[in-house]
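J.: Mind looking at a prediction? Sequence and model below.
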Amino acid sequence: MRKRIRELNSREYEHPFDKTTLEKLEAIPVLPQIIKKLYEKSFERIDRLQNTGSYLKISNDNLQKVYSLYSEACAILDIEKIPDLFLSFDPRINGYTSGVEKPFIVLTTGAIDLLDDDELMFLIGHELGHIKARHVLYTVMAQNFSLVANLLGNLTFGIGGVAATGVEIALLHWYRMSELSCDRAGLLTCQSKAAAINFFIKLNLPSSYNHAAFHESFLKQAKDFEALDFDSLNKFFKIASTLDMTHPWSVMRASELVNWQEGGDYDQILNTNRSFQEKIERSDFCPNCGSSIDVNDKYCGGCGASIKS
């Protein structure tokens, strides 16, 4: 039986790469203006309308088993308000999160058809991890960077090409690193290292190849991949080779996740008696629109306004 993690705070599963790249991203001077312009364009409303009009909304009435797993995952990660869940016809294993003020998650038919319950819980927990960590604002920016680049050009009087490139590199680098944090949320949700590793294998190989021999060799490959960080040049090539990718390599993700799980933080989060623990996460309200915000937020998810600490 999976454990529910009461009063979980996203900082508990935040990957250090995620934290440092986000700090660099938020230090970019034009970022507040870009966020403001995105909200003026009502981009989130358009995105929600497109998804609602195109995809099937999953509920207890149509896909009861999937929705039951989804509800359980929300309870495990201590997410009280269950986000909307949609189904997209796509044979590939995938899922994504969108919507800042009212987040929602989309799963593909491939994910539901090809993953077992534990593996699907890993994927669902990963996507919920983005919502829990309030990643969605920057995720939407990364997924729609052409619009961001146009806005940046307008903000810099048409000479924003170089600036746009710099913002794009910083934004996409954070986007990739945030995936490492959310892999941890996925593991906390499914509570099975084997399921997490099987998920990464299935991203790259057909299900017929997902057996014990591949599981062990994939884990060994993840360890070997980590060992390639023996000099700064290899570290540079790892970063440079993924500049145009939305996710880190699956082997890298597995390596980082296994290291975290074996390092003890995973067990500490699951086994801490949280019922007597002082609540870490505190909420406040945006002075501009009144939306609920976290004490560490730099920008409001409801209106995009800058939050002054």
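T.: Yep, that arrived.

J.: Surely Ile58 and Ser68 touch.
T.: No: between Ile58 and Ser68 there is no contact under Cβ atoms under 8 Å: 10.6 Å. Using the backbone N, CA and C atoms, a C-beta is placed for each residue, glycine as well.

J.: of the two, who's got more company?
T.: With neighbours defined as other Cβ atoms under 10 Å, Ile58 and Ser68 compare such that Ile58 has more, 20 against 12.

J.: buried ones in the host helix or strand of Arg176?
T.: Assigned by DSSP states H and E, Arg176 falls within helix 161-190. The neighbour-count check on helix 161-190 (16 or more other Cβ atoms under 10 Å) flags 163-164, 167-168, 170-190 as buried.

J.: After it, which helix or strand is next?
T.: Toward the C-terminus from helix 161-190 - assigned by DSSP H and E - lies helix 193-204.

J.: list the helices and strands that following helix packs on?
T.: Counting contacts by 3 or more Cβ pairs under 8 Å, 6 or more residues apart in numbering; DSSP states H and E, helix 193-204 is packed against helix 117-132, helix 161-190, helix 212-227, helix 250-263.

J.: how about JSON lines for these, with mean pLDDT and distance to Lys19 added?
T.: JSON lines is the format used below for the helices and strands packed on helix 193-204 (pLDDT from 0 to 100; distance: least, Cβ to Cβ, whole Å):
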{"stretch": "helix 117-132", "mean pLDDT": "96", "distance to Lys19": "14"}
{"stretch": "helix 161-190", "mean pLDDT": "80", "distance to Lys19": "8"}
{"stretch": "helix 212-227", "mean pLDDT": "75", "distance to Lys19": "20"}
{"stretch": "helix 250-263", "mean pLDDT": "88", "distance to Lys19": "14"}
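
J.: can I get these in a markdown table with distance to Asp18?
T.: Below are these laid out as a markdown table (distance: least, Cβ to Cβ, whole Å):
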| stretch | distance to Asp18 |
| --- | --- |
| helix 117-132 | 10 |
| helix 161-190 | 4 |
| helix 212-227 | 18 |
| helix 250-263 | 11 |
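
J.: how about those helices, which one is nearest Gly95?
T.: Comparison of those against Gly95 by Cβ to Cβ identifies helix 117-132 as nearest, at 5.0 Å.

J.: Buried ones in the closest one, by neighbour count?
T.: Quick answer for helix 117-132 (16+ other Cβ under 10 Å): 118-132.

J.: between the next helix or strand after it and helix 161-190, how many degrees?
T.: On the C-terminal side of helix 117-132, the closest following helix or strand by DSSP H and E is helix 136-143. Relative orientation of helix 136-143 versus helix 161-190 (axes from the mean of the first three to the mean of the last three Cα atoms, to 10 degrees): 130 degrees.

J.: Which other helices and strands does the helix or strand hosting Ala73 contact?
T.: For Ala73, the host element (DSSP H and E) is helix 64-76. For helix 64-76, the packing partners by 3+ Cβ pairs under 8 Å, 6+ apart come out as strand 84-88, helix 117-132, helix 161-190.

J.: ok, now which ones touch Leu85?
T.: Lys57, Ile58, Val66, Tyr67, Tyr70, Phe104, Ile105, Val106, Leu107 (Cβ atoms under 8 Å, 6 or more residues apart in numbering).

J.: Just give the nearest non-adjacent residue to it, would you?
T.: Ile58 (4.4 Å; Cβ to Cβ, 6 or more residues apart in numbering).

J.: and that neighbour, backbone torsions?
T.: phi -80, psi 140 (degrees, to the nearest 10).

J.: how close does it get to Leu69?
T.: Remark: distance between Ile58 and Leu69 (Cβ to Cβ, to the nearest Å) = 10 Å.

J.: how about low-confidence regions in this protein?
T.: Scanning the chain for pLDDT under 70 picks out 29-44, 143-168, 207, 209-212, 226-248, 273-309.

J.: please redo it, this time with the cut-off set to 90
T.: 1, 6-7, 10-11, 15-54, 98-103, 133-178, 201-256, 259, 271-309 (pLDDT under 90).

J.: Can you report how many residues neighbour Leu56?
T.: Neighbour number of Leu56 under other Cβ under 10 Å is 13.

J.: Bridged to the residue nearest to it when sequence neighbours are not counted, which residues?
T.: Distances taken as Cβ to Cβ, 6+ apart put Leu87 closest to Leu56, at 4.5 Å, once the chain neighbours are dropped. Beta-bridge pairing of Leu87 under DSSP bridges involves Leu56, Leu107.
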